[in-house]
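Visitor: how does the following fold in three dimensions:
(chains A and B)
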Amino acid sequence: MTRESSSSAPSKEERKSSHGFRREVRYGIHLLRKNPIVLLGSIVALGSIVLSLSSGLVVDQNSWKTTHIALRLCWNNPIVNWNLRNVYDCAGPTTYTLGTDNYGRDVFRMIILAIPLDLRISLEIVLSAVLIGTVFGGIAAYAGGTLDELILRLTDIFLAIPSLLLAIVLATILGRTLENLTLSVLITWWPTYVRLMRSQVLTEKEKPYVEALRAVGAGRFRILFRHIVPNSIYPILVQGTLDIGSVILTFSALTFIGFSPSPLIPELGNLVNQGIEFVFTAPWLIIFPGLTIFIVSLGFNLLGDGIRDIFDPRLRR
Amino acid sequence: MVFVLLGVTLIVFYLGRGLLPPESALAPYITPRMNDGTKLQLARSLGVATISCPSWSALASHESVCLVPIWGQYLSWLGNVLAGNWGYSLLPGLSGTQTTWYVFWLRFPYTAELAVAGTILTALVAIPLGIISATRNNRLPDHISRFISLGGYSVPAFWFGLILQLLFVLYIRVGGNALLPSNGVLDTSCALCLSSPGQVTGYTGTPILDALLSLNPAYFWDSLVALALPTLTLAITSIGALTRILRSSMMEVLKQDYILLARSKGLKERVVIYRHALKNAVLPSITITGLLFALLLGGVVIVEVVFSWPGVGAASVVASTVVDVNFLELYVLVTAFIIVLTNLLVDIIYAKLDPRIRY
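Guide: Predicted coordinates:
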């Protein structure tokens, strides 16, 4: 790709490589068409990203701070009849598509505000974990010896503690802010990437081109980060895409069990937590935010699955 | 193995003691009736304050003469931990009356019961799903099983649990009564307040085993029913991972030459799949199942909160709100120990099952 952009008149060989790239894309589209579920997932995942970028245009960013006690826990969407006694009907002309919560806020708007927050935190965690994994995993595998052993044992230690439990302990001690919660989940997440990158680099560094690079006198860091890492990063990126969904699950689980900094914050797990008291009187409070987590996380899992199918040479024709 | 456990104690110690002020380590031991002199003695005996520390107020204001270097604190902490000296519980209602150790082991059997039931259900569902998925690759059963496993992988456990409660308590009713109890386990001490007749003796602390051992079928049935929804919630999130592993290893095995040979001998497809392929494909799943049990031990927190299960997971959330570091530390250390032990066991079983592996 970089070679293509560097010269204006493509040579024969370069045209072939760009043809190869186009074939790759066409193969990807072919796979998508063959597996409509993956296509659906990709649409959901991309849709949630687009929604995150544009949520400020749809909903006022500060609307979660204002509460309307008169409108609490009411439902006036005629499409769904909950078949419950004592469902409070919202007075007034506005229809609240997904009802209102305990603070009289529109649940639909809260979900629209919550998706970007969860997605941003999840991306922060996954990207940092990928970065840490790439650097430490790469160095461990390439350097070998004591350093490798040390980094490997460190990941062993972290993997011996269940991630949610470690996150709970960390959040307890650090205090309940969104930054600390992000950090808590990140600390439980990086070891997997170190392991993955290490195993990739271990096979990659035995290849002849690495020996050739060493023979022409390329520096160690140059070989590792300019040549080996770009060649072994695909499985890590696939894992990263899959993990965006899992991180949203873990993070929202953490806020669900009560680690949210404030009960008002529009965060999907916290929204469910706020509804738990009213499970049997206002079920929409837990159904819709939870459903959103499920759909977004499923979307990214399907997308990751699809990307893996595209890049996995064993599944090729 | 020992190295990993020592590493875990280091992390646990640093998180609990290194990041918090020294007096907080004493909180579980201090009762309201203690005067400053006894508090200081306590701090000295726990290795939190130096011998030359003049007074309790000097320690509280962090004067350098009182502060013990962090490694010294670690060593005395480790000594206390290995001796089983975990201080008193800070959990509401129990504060200062019962030891953390006792409170933890009182609740742990419930968590273990849930984790074991979850693992069994996961294996029971995931193994057939994985086999179907691999043998009918890219056809309708495969798509369905893929969808179930991916769905289970992406569903938030807390939401799934709440939806189950909603369904079974509000909407699915048999003769006006809820089909299954939404929450709460049957407390052994409360055996008399239930419909089930007879007494149950607390041999193990787990309701199901106790009911079996005291030959009380009604209590056994009740505790089995109470276990149903939490187990389903716990299993649904882990079925996906196990199904995927089994599917890919099964597909790998089905491509092997000896499967082709078995088929060309004219063996029935059933025999080929269950006798020849499955035995080889199931090996990676054993690793995963072992890990699964260990992970579920830590992951039950959410399920326990949702179903108000009286296990250590739900208690750890309460412990976190009252900053009962001792309880959390004990929980982390016990699970880490079990995880490390399970890994070892899995390795041993693996070597027994697969004669190609020699250590």
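Visitor: mind listing what the residue lying closest to A:Thr188 once chain neighbours are set aside touches?
Guide: Nearest non-adjacent residue to A:Thr188, counting by C-beta to C-beta, 6 or more residues apart in numbering or on different chains: A:Ser163, 3.6 Å away. Glycine gets a C-beta too; all of them are placed from N, C-alpha and C. A:Ser163 makes contacts with A:Val185, A:Thr188, A:Trp189, A:Thr250, B:Gly298, as judged by C-beta atoms under 8 Å, 6 or more residues apart in numbering or on different chains.
Visitor: swap in A:Leu213?
Guide: Shown in contact with A:Leu213 (C-beta under 8 Å, 6+ apart): A:Arg222, A:Ile223, A:His227.
Visitor: can we see that at 10 Å?
Guide: Applying C-beta atoms under 10 Å, 6 or more residues apart in numbering or on different chains to A:Leu213 gives the contacts A:Lys207, A:Gly219, A:Arg222, A:Ile223, A:Arg226, A:His227, A:Ile228.
Visitor: kindly indicate the member of those residues with the most neighbours.
Guide: A:Ile228 (22 neighbours; other C-beta atoms under 10 Å in any protein chain shown).
Visitor: quick check: that one touching A:Glu211?
Guide: No - under the criterion of C-beta atoms under 10 Å, A:Ile228 is not in contact with A:Glu211, lying 11.8 Å apart.
Visitor: joint contacts of these two?
Guide: Residues within reach of A:Ile228 and of A:Glu211 at once, by C-beta under 10 Å, 6+ apart, are A:Lys205.
Visitor: farthest-apart pair in the contacts of A:Leu213, please.
Guide: Pairwise distances across the contacts of A:Leu213 (C-beta to C-beta) peak at 18.0 Å, for the pair A:Lys207 and A:Gly219.
Visitor: where's A:His68 relative to A:Thr94, distance?
Guide: For A:His68, the distance to A:Thr94 equals 11 Å [C-beta to C-beta, to the nearest Å].
Visitor: pick out whichever of these two has more residues nearby.
Guide: Using other C-beta under 10 Å as the criterion, A:His68 and A:Thr94 rank with A:His68 on top: 13 against 10.
Visitor: what's the local residue count around the nearest residue to the more buried one once chain neighbours are set aside?
Guide: Leaving aside its sequence neighbours, A:His68 sits nearest to A:Gly104 (C-beta to C-beta, 6+ apart; 3.4 Å). By other C-beta under 10 Å, 17 other residues sit near A:Gly104.
Visitor: please apply the same query to B:Leu164.
Guide: Here the number of neighbours of B:Leu164 (other C-beta under 10 Å) works out to 21.
Visitor: please state the offset of whichever strand or helix holds A:Phe221 from the chain centre?
Guide: Under the criterion of DSSP states H and E, A:Phe221 resides in helix A:220-222. Centre-to-centre, helix A:220-222 and its host chain are 30 Å apart (C-alpha atoms, centre = their mean, to the nearest Å).
Visitor: same check, this time on stretch A:139-153
Guide: Remark: stretch A:139-153 is offset 28 Å from the chain centroid, using C-alpha atoms, centre = their mean.
Visitor: tell me which residues of that stretch are tucked away?
Guide: A:Ile139, A:Ala140, A:Ala141, A:Tyr142, A:Asp148, A:Ile151, A:Leu152 (16 or more other C-beta atoms under 10 Å in any protein chain shown).
Visitor: endpoints of that stretch, how far apart?
Guide: The straight-line separation of the ends of stretch A:139-153 (C-alpha to C-alpha, to the nearest Å) is 14 Å.
Visitor: what's around the residue of chain B found nearest chain A, how many residues?
Guide: Per C-beta to the nearest C-beta, B:Gly298 is where chain B lies closest to chain A, at 2.2 Å. B:Gly298 has 25 neighbours, counted by other C-beta under 10 Å.
Visitor: after the helix or strand encompassing it, next one along is what?
Guide: Assigned by DSSP H and E, B:Gly298 belongs to helix B:278-306. Downstream of helix B:278-306, the next assigned helix or strand under DSSP H and E is helix B:312-321.
Visitor: that following helix vs chain A: in contact?
Guide: Yes - using C-beta under 10 Å from any C-beta of the partner chain, helix B:312-321 reaches chain A at B:Val312, B:Gly313, B:Ala314, B:Ser316, B:Val317, B:Val318, B:Ala319, B:Ser320, B:Thr321.
Visitor: report the buried members of those.
Guide: Buried subset of the residues of helix B:312-321 next to chain A (neighbour count, 16+ other C-beta under 10 Å): B:Val312, B:Gly313, B:Ala314, B:Ser316, B:Val317, B:Val318, B:Ala319, B:Ser320.
Visitor: need the contact list for the nearest residue to the last one once chain neighbours are set aside.
Guide: To tie it back to what came earlier, the one meant is B:Ser320. Using C-beta to C-beta, 6+ apart and skipping the chain neighbours, the partner closest in space to B:Ser320 is A:Thr172 (4.1 Å). With contact taken as C-beta under 10 Å, 6+ apart, A:Thr172 is in contact with A:180, A:184, A:259, B:15-16, B:20, B:316-317, B:319-325, B:328.
Visitor: can you tell me the helix or strand for the closest residue to chain B within the stretch 201-317 of chain A?
Guide: Residue of the stretch 201-317 of chain A nearest chain B, by C-beta to the nearest C-beta: A:Gly290 (3.0 Å). Taking DSSP H and E as the criterion, A:Gly290 maps to helix A:284-311.
Visitor: since that was my last question, I'll sign off now.
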